[in-house]
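**Q** Fold the following for me, if possible:
(chains A, B, C and D, ligands or ions: 4)
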Amino acid sequence: MLRLANIRKSFGGVHALRDATLTLHAGEVTALIGENGAGKSTIVRIIGGLHQPDAGEIQLDGRTVRITDAHHARSLGISIVHQECVVFDNLSVAENICIHARPQRHGLVSWRQMRERAKTMLRQLDATFDPDLPAGRLSIAQKHIVQIARALDSDARVLVLDEPTAALSHREAEDLFRITRQLTGDGCAVLFISHRFEEVFSLAHRYSVFRDGAAVDAGRIDEVDTNVLVKLMVGRAVEPSVSGHAAPSETELLRVEGLSRRGEFNGISFSVRRGEVLGIYGLVGAGRSEVAHALFGLSTVDSGRILIDGMPVTIASPTDAVRHGLAYVPEDRQTEGAILSLSIAANVCLPSLQALAPQVICKRDRESAFAQKWIDSLSVKTPGPDQLVGALSGGNQQKVVLAKWLARQPRILIVDEPTKGIDVGAKAAVHAVMREFVAKGHAVVMISSELPEVLNLSDRVLVMRRGRARGVFEREAATPEAIVRAATDA
Amino acid sequence: MKAAAWLRWESMLALVLVGEFVVFSMLTPYFLDPLTLSDATFSFTERAVIALPLALVIISGDIDISVAGIIALASVAMGLAAAEGVPTGGLVAIGLATGLAAGIINGALVTIGRVPSIVATIGTMSLFRGIAYAVLGDRVLKNYPASFTHLGQGYVFGLVSYELCIVVVLALIAGVVLHFTRWGRCIYAIGSNPVAARFSGVAVNRYRLMLFAATGMCSGLAAVLLTSRLGSTRPSIAQGWELEIIAMVILGGVSVWGGKGTIPGVLMAAVALGIFGFGLSLLNIPGIVMSIFVGALLIAVVAVPAIGERLRIGARP
Amino acid sequence: MLSRDLRLGIATLLLFAAVTAAFPQFARPDNLAGVLNDSAILILLALGQMLVILTRGIDLSVAANLALCGMIAALFNRHFPDAGALSTVAIALVCGALLGACNGLLVWKLRLPPIVVTLGTMSIFRGAIYQLSGGVWVNDNEMSPAFLDLVRYRFLGLTTLAWTAVIAALAAFICLRYLRTGRDLYAAGGNPSAATAAGIDPGRMQFIAYTICGAIAGVCGYLWVARFAVAYTDIALGFELEVIAACLIGGVAIAGGIGTVTGVLLGCLFIGVIRNALPLVGISPFWQMYINGVVITVAALMSARQRTEKRSILEAERA
Amino acid sequence: IGCGSRDATNASERVRIGIVAKSLGNGFFDAVHKGAAEAAGPLDVDLIFTGPTTPTAEGQIEVVNALIAQRVDAIAISANDPDAVVPALQRAAQRGIKVISYDSAVAEAGRVAHLAPSSDQLIGETVAQLAAELAPGGKGKIAVVSATPTSTNQNAWLAQLKQALTAHPGLELAAVAYGDDVSDKSYRETTALLQQHPDLAVMISLSSVGIVAAARAVEDRGLTGKLPVTGLGLPSELAGYVKRGVVPKFAIWNPIDLGYATTQIAARIARGESISQPISIERLGSVTFDANGVGAMGKPFVYDARNIDEFAGVF
Ligand SMILES: Nc1ncnc2c1ncn2[C@@H]1O[C@H](COP(=O)(O)OP(=O)(O)OP(=O)(O)O)[C@@H](O)[C@H]1O
Ligand SMILES: Nc1ncnc2c1ncn2[C@@H]1O[C@H](COP(=O)(O)OP(=O)(O)OP(=O)(O)O)[C@@H](O)[C@H]1O
Ligand SMILES: [Mg+2]
Ligand SMILES: [Mg+2]
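**A** Ligands and ions are numbered 1, 2, ... in the order given. Below is the predicted model:
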């Protein structure tokens, strides 16, 4: 139905796409997979009319088209959920959902119809928030839901989902898949991008693999398995991320007692030992990120204490937190994690400036070398440390954020969705880095909505629901069923 | 790639500066005269004293429109003190302290009060000058000691004014801080993305407060110099300077979006604007006609690189 | 928590009540009409400025644009005294729109920072007035009666000037709330990259905003010159800051995307009441600027407090 | 002509004189320029007429610096601030430039001589006289719309006006408002005055911007003929109001003559003449400078419907 052939696209000196070919079929879901920076989002932007290809051809229903802008794409029946959050904070949820075609009466926007339509869409996705709320009040996950509702709100013939589930927990993801199946049933062609193979296998009919901006293979999904796909993506086999690990020591490094903040979370207590990974699992809106914010001094708590090495500490600001050896990799890398308009070197060095320049005076070559070391050890795909972070692919941006904190050599690393949007290879690398980190006697608090990740990596799992702790599960007791039950009603 | 952009901007300014010297020395015989050039420096020194710290504020993503108001306030404070017989040293201290206090008020509004800086300083702009008017009314304060008057009118080696020396020293300080220290790195980070900077453990609000305080204090310093040069204080002193100073900073290549800009650029822009204005008035071109040139220059300096960029991209197939 | 507009409305009413208490004459209908009349140009310009600020811009050149178009209108009237006032208005409007479009094009096509562009054009426009007029004044005896009388024509107790402001406010309200372009303006200002992804060109929206703002400034140029019956280089010098202050007091966010017509109207009336009440109550002129400063600062603090309100979902679950 | 001890070659040398206005684009100074140009030709004077964009002291200092750099022989300035320009003018004097002020004075330390268009006292008396003539029966309340509260000559004239009013016991000064030399503010202040004092007999403005705005406000409120406006203004700007009876009469000195006299005096001083003796000026008579170096021209001239047309085209 939609066919892109031999697409080429470069930015400055970077060849994002060399020779990309992609075919979507009506009534089928095609999964597009590839490493970070393989060019997946770039081709999505080309389909959406946001970029013009340097060369190549796009055919829709057999006819060659040139997609001039987003509006044009829309009018061709192409509907897209972009990887980056593209929500209007200042507009209501309803208007966000209907932004492409606001219902009109007598040439005037009809707010009543708009609200109705938004309500219907949100109900389909099992979302309960008020369509009149300004979208700025939503959490990042909810914003993604809004974005998905927007894409579904149209008689789309081609639906493109660029890592839609990265920010969602399985519940919302299931809703999305249900609707996607419904749409394919109605003859819609779907392009689905994800780094999670279980989703790919459960949803897709076909697959297509990109490597370094070129299509390397495509076919029916039931003819392949994970290992084959991984080999195609990476060009080599990847060992599954290590799960065997040394037992954590008995000494507590971080202890949290009865942390509460009005309207966000209530009576949260947990402890993390040296050499331990504590997973925090919950549905979207469970308040996990808020707890992390409070721990890192980004917000104040109403009651409760934080102890490090058994000593109560006051953490009133991130500066305090960093001084006490904490580090926080936030969930929204675009606005909170990375500084997109600065170089990789500037980003990586920022938290470590004190160590890099004890006498206040900075040296550029020292910073570059420092950054290069971390670029290498996390294998960030980039021409060099002077590259702007904004020009990196999503996954590589995430690696930069990780690098900047690991470089600071913290004792307690709090990570919020650390592998959101990261490909298998990189994910294994990140996991390895985290294991290595705890092996030195440090501790990790990992917030994740990805159940396999939580189960695989954590020594213990804290489950939260609606701002409250629902229990801490030891490794042995942490079965998927038990955790999901604790995270949902029941 | 970044270095190239940096160079392009500086070279634009350098070109403008050289062009000014060539054109003016061709058009008027009085231009290339040591005494004249020495006089010409006065047309930018006091503004440059403020432009330098203000550049840091703008690079960190804020703006301060109240600087001229601070000059009026500090000048009035000094005038009142002088009327009480405070000696020169005390007057300078009072000027600096008043500026510092005003800067801290701005900083507090922006950090503690969380008011966007442009809004806060539009308010304090009227507030500070308003206090000056309220205190002074139609009076004039001019009982300054002779040694005080000497500050703004004195010279080193007969030709280099104290004011110019102060500008050079300040530029060195600002340049080193911005380009060679970790504080400078943090300033760029804050200007590029304050949220991410805060999440990286940078004490964002402390930096912003300090920068506003520094700008306030330098405005106080400018008030000392200007008051000393005028030898009198009226509440209308330095009226309208805020926009001129901001224009100077922007012309220096500092991005009003924050995160971009260099001190050499700002310094060159200050000199270029000062010489430009002085040169045109040497040619007896009315100031208002001059404003056409200045406006066009301002736009051209940002537009030429932008057009170049477009052509470069457009040229590639 | 009261909405921002409501609080500003209450503040304006309180201020009004205070002035009336001190000076009962202030509340007389003809005086109120006078206040509206006096605020009309501010309202018009603030509405235009609001569009620009909504799209993340700022227009420092409005006052200079006003002065230039006013001078053009006055000179046109001097040369063609029989041309009729409406054609003069049309000329002022077209000139203003063209000047605004210059700003808009520079911002749109070259992506130059609005503050730089309009700072530059502000100087250029002022210089152009001087060049155009040769620095001389155009006085009331050089203006035709039709030119002067159009703004003074009264209908239902209000002058044309006041009616223009009222109608413009209504039109702005409808456009911004119910027209696609109006909504696109909010979208483009709220999140330009999201707007691009949704098929809205933020640059084009900026261009539209600047052009409309310019057109309004042009009409205001005529209104100003006709009202005060004199045109010279420096009219409305520094007025741009007052216009921006009115927008800010009215709750228009400088970061773009947020602001309502009601808010801007209240902001203007708030300033208008202060401006008209201070001389009436007999406060020393030396205190006026100080009072203005206090008011703007306090208003800014108030609106900042509002913005930091936290979201909250736990209410249902508090045991 | 009191050439005194000067020799002929010196007196006929070409001199360059810079005349500094408060600001350019102001009808009053355009007229001064006209007069100065008339005088310059026959006197072998190269005239540089200049001024800042806005009426500020800082702007004038930059203009003075530019004149110093051009090594003019004399500078004549109408100061925006009597004190702030002094250091710059003193520097000019150090470099051998003769400095005088005209219209709005510079503090004594900064100049050799000051040429007042008219003495403050004469202005105060003339305006008080006008008010007395216009007030019904010479009695009633009057109000003044001034320029900025900091303007020196405005304040001096106001003080003299108050002084002169003692000679007119029927008149009572009810209020002074400040229009900042800006039309919209002057207009608003006038309107406020009209509301505060509905029983005003005469409205006075001593600034040329203020009187136009005041006349406009009075006419807009339908008070033409009921509340006369008077004060100081320019014939070209007020002609319309005079004809409609809003401003029945007003006074001003002749700025053309002022420019003419300023240039003559500056040229004489540049050529070494002293001001200890009265300096006679062609077509205007002679000016005597007092011990402070201040010389005044004459009484302001009164304009009304009979002579306004004659002057409206001139300045
Ligand atoms: N605007 C841009 N400027 C410069 N380079 C870019 C730009 N956009 C993308 N790139 C480069 O193009 C390549 C492909 O990026 P793209 O975002 O398409 O990757 P991706 O496959 O979506 O990765 P991920 O899985 O991490 O989302 C990357 O190397 C990236 O650095
Ligand atoms: N049903 C809802 N209605 C309104 N707001 C909600 C709702 N659910 C969640 N929120 C918002 O989400 C916030 C919780 O944040 P968030 O979604 O980041 O939690 P989280 O557990 O960290 O989830 P995530 O893993 O997605 O980060 C709450 O403070 C609230 O504002
Ligand atoms: Mg991607
Ligand atoms: Mg979260």
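
**Q** Can you show me the CA trace of stretch C:232-251 as CSV?
**A** Taking Å, rounded to 0.1, in the frame of the first residue of the first chain, the C-alpha atoms of stretch C:232-251 are listed here in CSV:
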residue,chain,number,x,y,z
TYR,C,232,6.0,64.5,14.8
THR,C,233,8.9,62.1,15.0
ASP,C,234,8.7,61.3,18.7
ILE,C,235,5.0,60.5,19.1
ALA,C,236,4.3,57.5,21.3
LEU,C,237,8.0,57.2,22.1
GLY,C,238,8.5,54.3,24.5
PHE,C,239,4.8,53.3,24.3
GLU,C,240,5.8,49.8,23.3
LEU,C,241,6.9,49.0,26.8
GLU,C,242,3.6,50.1,28.2
VAL,C,243,1.8,47.9,25.6
ILE,C,244,3.9,44.9,26.6
ALA,C,245,3.4,45.6,30.3
ALA,C,246,-0.4,45.6,29.7
CYS,C,247,-0.1,42.2,28.0
LEU,C,248,2.0,40.9,30.8
ILE,C,249,-0.3,42.2,33.5
GLY,C,250,-3.1,40.6,31.5
GLY,C,251,-1.5,37.2,31.9
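
**Q** can you tell me how far the residue nearest to residue B:155 when sequence neighbours are not counted sits from residue B:43?
**A** In space, and not counting its chain neighbours, residue B:155 is closest to residue B:161: 5.3 Å by CB to CB, 6 or more residues apart in numbering or on different chains. Glycine gets a C-beta too; all of them are placed from N, C-alpha and C. Remark: distance between residue B:161 and residue B:43 (CB to CB, to the nearest Å) = 12 Å.

**Q** picking that back up, can you count the residues close to the residue nearest to residue B:155?
**A** 22 (other CB atoms under 10 Å in any protein chain shown).

**Q** before we move on, what about residue D:122?
**A** Counted with other CB under 10 Å, the neighbours of residue D:122 add up to 20.

**Q** quick one: which helix or strand includes it?
**A** Element membership for residue D:122, per DSSP states H and E: helix D:120-134.

**Q** OK, contacts around the closest residue to residue A:107 other than its chain neighbours?
**A** Closest residue to residue A:107 in three dimensions, ignoring its sequence neighbours and counting by CB to CB, 6+ apart: residue C:179, at 7.9 Å. By CB atoms under 8 Å, 6 or more residues apart in numbering or on different chains, residue C:179 lies in contact with A:107, A:108, A:109.

**Q** just residue C:30 next, same as before
**A** residue C:157 are the contacts of residue C:30 under CB under 8 Å, 6+ apart.

**Q** how much space between it and ligand 2?
**A** Counting by CB to the nearest ligand atom, to the nearest Å, the separation of residue C:30 from ligand 2 is 51 Å.

**Q** Now residue D:49: which helix or strand?
**A** With DSSP H and E as criterion, residue D:49 is part of strand D:45-50.

**Q** So is that strand next to chain B?
**A** Yes - using CB under 8 Å from any CB of the partner chain, strand D:45-50 reaches chain B at D:48, D:50.

**Q** List the buried residues in the next helix-or-strand element following that strand.
**A** The helix or strand immediately downstream of strand D:45-50 is helix D:57-69, counting by DSSP H and E. Neighbour counts over helix D:57-69 (16 or more other CB atoms under 10 Å in any protein chain shown) mark D:57-69 as buried.

**Q** Tabulate these in a markdown table, adding columns for pLDDT.
**A** Below are the buried residues of helix D:57-69 laid out as a markdown table (pLDDT from 0 to 100):
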| residue | pLDDT |
| --- | --- |
| D:57 | 85 |
| D:58 | 86 |
| D:59 | 86 |
| D:60 | 89 |
| D:61 | 89 |
| D:62 | 88 |
| D:63 | 90 |
| D:64 | 92 |
| D:65 | 89 |
| D:66 | 90 |
| D:67 | 91 |
| D:68 | 91 |
| D:69 | 89 |
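
**Q** Of those, just say which sits nearest to ligand 2.
**A** Top of the list for closeness to ligand 2, among the buried residues of helix D:57-69 and by CB to the nearest ligand atom, is residue D:58 at 53.2 Å.

**Q** ok, that closest one touching residue B:238?
**A** Yes - contact criterion CB atoms under 8 Å: residue D:58 and residue B:238 qualify, at 6.8 Å.

**Q** Pipe the buried residues of helix D:57-69 into JSON lines and attach distance to ligand 1 per row.
**A** Listed next are those as JSON lines, based on distance: CB to the nearest ligand atom, whole Å:
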{"residue": "D:57", "distance to ligand 1": "52"}
{"residue": "D:58", "distance to ligand 1": "47"}
{"residue": "D:59", "distance to ligand 1": "47"}
{"residue": "D:60", "distance to ligand 1": "53"}
{"residue": "D:61", "distance to ligand 1": "51"}
{"residue": "D:62", "distance to ligand 1": "47"}
{"residue": "D:63", "distance to ligand 1": "51"}
{"residue": "D:64", "distance to ligand 1": "54"}
{"residue": "D:65", "distance to ligand 1": "50"}
{"residue": "D:66", "distance to ligand 1": "50"}
{"residue": "D:67", "distance to ligand 1": "55"}
{"residue": "D:68", "distance to ligand 1": "55"}
{"residue": "D:69", "distance to ligand 1": "52"}
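
**Q** What is the nearest of the residues you listed to ligand 3?
**A** Set against ligand 3, the nearest of the buried residues of helix D:57-69 by CB to the ion is residue D:58 (56.0 Å).

**Q** From residue D:209, how far off is the one residue in the stretch 151-300 of chain D that gets nearest to chain A?
**A** Closest residue of the stretch 151-300 of chain D to chain A, CB to the nearest CB: residue D:184 (34.1 Å). Per CB to CB, residue D:184 is found 10 Å from residue D:209.

**Q** which ones are touching the residue of the stretch 151-300 of chain D closest to chain A?
**A** Counting by CB under 8 Å, 6+ apart, residue D:184 has contacts C:224, C:228, C:235, C:236, D:213.

**Q** From the residues you listed, pick the one nearest ligand 2.
**A** residue C:236 (46.0 Å).

**Q** quick one: what helix or strand has that closest one in it?
**A** Per DSSP H and E, there is no helix or strand for residue C:236.

**Q** got a list of what it touches?
**A** Contacts of residue C:236 by CB under 8 Å, 6+ apart are C:63, C:66, C:67, C:70, C:224, D:184.

**Q** any idea whether the last one is helix, strand or coil?
**A** Translated: residue D:184. Of the three states, residue D:184 takes helix under DSSP: H, G, I helix; E, B strand; the rest coil.

**Q** Over to residue D:101?
**A** Under three-state DSSP, residue D:101 comes out as strand.

**Q** what about it, how many residues close to it?
**A** Quick note: residue D:101 (other CB under 10 Å) scores 28 neighbours.

**Q** again with residue C:130
**A** That count, for residue C:130 with other CB under 10 Å as the rule, works out to 23.

**Q** now the one 4 residues further on
**A** Under the neighbour criterion other CB under 10 Å, residue C:134 is assigned a count of 9.

**Q** coming back round to it: redo the contacts of residue C:236 as a markdown table? Include pLDDT.
**A** Shown next, in a markdown table, are the contacts of residue C:236 (pLDDT from 0 to 100):
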| residue | pLDDT |
| --- | --- |
| C:63 | 94 |
| C:66 | 96 |
| C:67 | 95 |
| C:70 | 95 |
| C:224 | 93 |
| D:184 | 83 |
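
**Q** Any of the residues you listed buried? List them.
**A** The buried subset of the contacts of residue C:236 (16+ other CB under 10 Å) comprises C:63, C:66, C:67, C:70, C:224, D:184.

**Q** Provide the partner residues of the one residue in the stretch 101-250 of chain A that gets nearest to chain D in its beta bridges.
**A** Relative to chain D, the nearest point of the stretch 101-250 of chain A is residue A:108 (37.1 Å; CB to the nearest CB). When assigned by DSSP bridges, residue A:108 has beta-bridge partners residue A:105.
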